[in-house]
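Peer 1: here is my input; please provide its structure:
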Amino acid sequence: KVQPVPDGQDMDRMVPHPFDADGALLAITINSVGEVISRLRYVRTNAFNNERRKGLRMYKAMDSTRELGKSDLFSPTFKHHLEPGLNKKRKNTSNTRALFWGKKLITMWEGGLPYKLDDLALSTEGRSQLGGVLKESDPLGGSSVYDSRTNKMLFYCNRQDRTSSELLIHEFNAKFRLEKTIETELPGFALLSGFAATERYYIFVQPPVTANTMQYLLSKEPGKTLQLEDGPSTLHLISRDSSKGTISVEIPYNGISDADLQFINAFEDDDGNIVFDAIRMDSRTIDEKAPQYPWATSLQDFSSKTAKRDLVRYTVRKGSGVSKEVLLDQQCYFGVINPAGSCQRHQYIYVAVGAMGKEVAPPQGIGKFDTRSGEMIHTWMPESYEFCGEPMFAPSTDEDAGLEEDDGYILTVLYNGKMRESELIILSAKDLSLQTRIPLGISAAHGLHGCFSKGDDFKADEINRRAKLADKMESRGNMWNEVKSDFSGLGLRLDDWEDYFGDIL
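Peer 2: Next up, the predicted model:
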């Protein structure tokens, strides 16, 4: 068996920025007999398999088209220049978020189709068009919103072009069946990074961007084609009622861009105002030099390449526009709430926090912020060489609990920089007191997005059998899961059969 090449040993294999890396999925199962089973596997995207088969890096970065080799000189590599929008042939890393919904596990990336995986073995089943909802060229957004009132999962698809963008929002029920699609058109090239939702509206923020006409024709790579401009962003309130239109208002600009917000939650208050909380990034002090490996080797490196973050509340009032209030100016990341209150008014926000207060520092501890008092009421901070990722809320299973918003637990994956190993950390959602630490026996990348789901009760031997089968299948060939498997008469892909007929299979 060929051993993996250690990072930094072969510079031709290294990517310049962590966001350019291939997606990998860490799954941790805690079953009813007290077993904890962890497994980590790369998402076998088409690009991953191409590079693995040839044994070398074939993409400079995720924005780039596959580099030409001697055997590729006559292939239609530049077909993407004839298609609308950005380069659709660039590398789909599928490394942004994982979601388990309707007993299906998918990984997402802003520029392309999601990938569907086996939830036990984490083996990749292929790209999914979500039961024919998405076209093969559609880019599904890199995030979703759970509506706790209706028990639906919301996604968006942003078909960008230089003069206008077509935005589609899809609502899926608990069986992952499409229930509704809302379509609207946004002006110009809409660069979106996520969204929020209330009972009546979908909420998107569109920053001002300009497109370089020459690069748009030559490369269509986002980093070369698009330029974020200083100035106010536009807030779009898109009605969830198809008979009503879109309300667009300008967000006041104070020198800090509202681009690339990390939405946490949104709701409508008793006065009909729309409120949403988000982590905002101030990128004015970031070193704009082209990134290269190693991306950061010291705290000074990290601080020069990472935006200052704060927690901001946006309020849209009838007749008076949008106001902003900084709730927390401590460096924070990955804001989450109890999902049982998603799209409704919330009191508590859980965030990963740096250890240096307002100064830029990597996510290390976990904080609990009270929106009513306006204070960080609890913080859990590990050792100086330990770093937490995104907090995940797990509701309490106690029959006497569940009445309070913070009845439950906070889960996060901690990376031990001294031992180079990862642990699962479980904290009380009440006071962030440590409940347990579970060594995972593997090393997972720091800073993972995550999700918690109550699933079926699988035992360790069953998961191990499925994982060994996946290993055997993947060892037979790098392309075993890339068969397109179209059924032209039905218009279905093989990986869509369960989406259509799952109730009767």
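Peer 1: every contact and neighbour count from this point should use C-alpha atoms.
Peer 2: Fine.
Peer 1: hey, where'd the helices end up in the stretch 1-150 of the chain?
Peer 2: 46-54 (DSSP state H, counting those that start in this stretch).
Peer 1: could you list the low-pLDDT ranges of it?
Peer 2: 1-4, 61-89 (pLDDT under 70).
Peer 1: residue boundaries of the strands in it?
Peer 2: With DSSP state E, counting those that start in this stretch as the criterion, the stretch 1-150 of the chain has strands at 24-30, 36-42, 97-101, 104-108, 115-117, 124-127, 145-147.
Peer 1: what's the angle from the fourth one to strand 24-30?
Peer 2: Using axes from the mean of the first three to the mean of the last three C-alpha atoms, to 10 degrees, the inter-axis angle of strand 104-108 relative to strand 24-30 is 150 degrees.
Peer 1: could you give the bridge partners of the most centrally placed residue in the chain?
Peer 2: Nearest to the geometric centre of the chain sits residue 97, at 3.2 Å (C-alpha atoms, centre = their mean). Residues in a beta bridge with residue 97, per DSSP bridges, are residue 108.
Peer 1: excluding its backbone neighbours, what's nearest residue 260?
Peer 2: Excluding the flanking residues, the one nearest residue 260 by C-alpha to C-alpha, 6 or more residues apart in numbering is residue 193, at 5.3 Å.
Peer 1: where's the one you found relative to residue 200, distance?
Peer 2: 21 Å (C-alpha to C-alpha, to the nearest Å).
Peer 1: where does this protein dip in pLDDT?
Peer 2: Those would be 1-4, 61-89, 213-224, 399-402, 477-505, if you go by pLDDT under 70 across the chain.
Peer 1: the helices in it, which residues?
Peer 2: For the chain, helices defined by DSSP state H occupy the ranges 46-54, 213-218, 222-225, 299-305, 460-475, 497-501.
Peer 1: which of these sits closest to residue 256?
Peer 2: Of all those, it is helix 299-305 that lies closest to residue 256, at 16.6 Å by C-alpha to C-alpha.
Peer 1: ok, residue 455 - contacts?
Peer 2: residue 103 (C-alpha atoms under 8 Å, 6 or more residues apart in numbering).
Peer 1: number of nearby residues for residue 113?
Peer 2: For residue 113, the neighbour count with other C-alpha atoms under 10 Å is 26.
Peer 1: likewise for residue 383?
Peer 2: The number of residues packed near residue 383 is 10, by other C-alpha under 10 Å.
Peer 1: residue 26 now?
Peer 2: 18.
Peer 1: partners of it in the sheet?
Peer 2: residue 40.
Peer 1: tell me how far the residue nearest to residue 351 when sequence neighbours are not counted lies from residue 456.
Peer 2: Spatial nearest neighbour of residue 351, chain neighbours left out: residue 335 (4.5 Å); criterion: C-alpha to C-alpha, 6+ apart. Residue 335 is 27 Å from residue 456, where distance means C-alpha to C-alpha.
Peer 1: more crowded one of these two?
Peer 2: residue 335 (24 against 10).
Peer 1: just checking, that one touches residue 353?
Peer 2: No - checked against C-alpha atoms under 8 Å, the pair residue 335 and residue 353 is beyond contact range at 9.7 Å.
Peer 1: coming back round to it: check contacts around the residue nearest to the centre of the chain.
Peer 2: So residue 97 contacts 107, 108, 109, 142, 143, 449, 450 (C-alpha under 8 Å, 6+ apart).
Peer 1: still on that earlier bit, between residue 193 and residue 200, tell me which one has more neighbours.
Peer 2: Neighbour count, other C-alpha under 10 Å: between residue 193 and residue 200, residue 193 has more, with 18 against 15.
Peer 1: sweet, I'm off.
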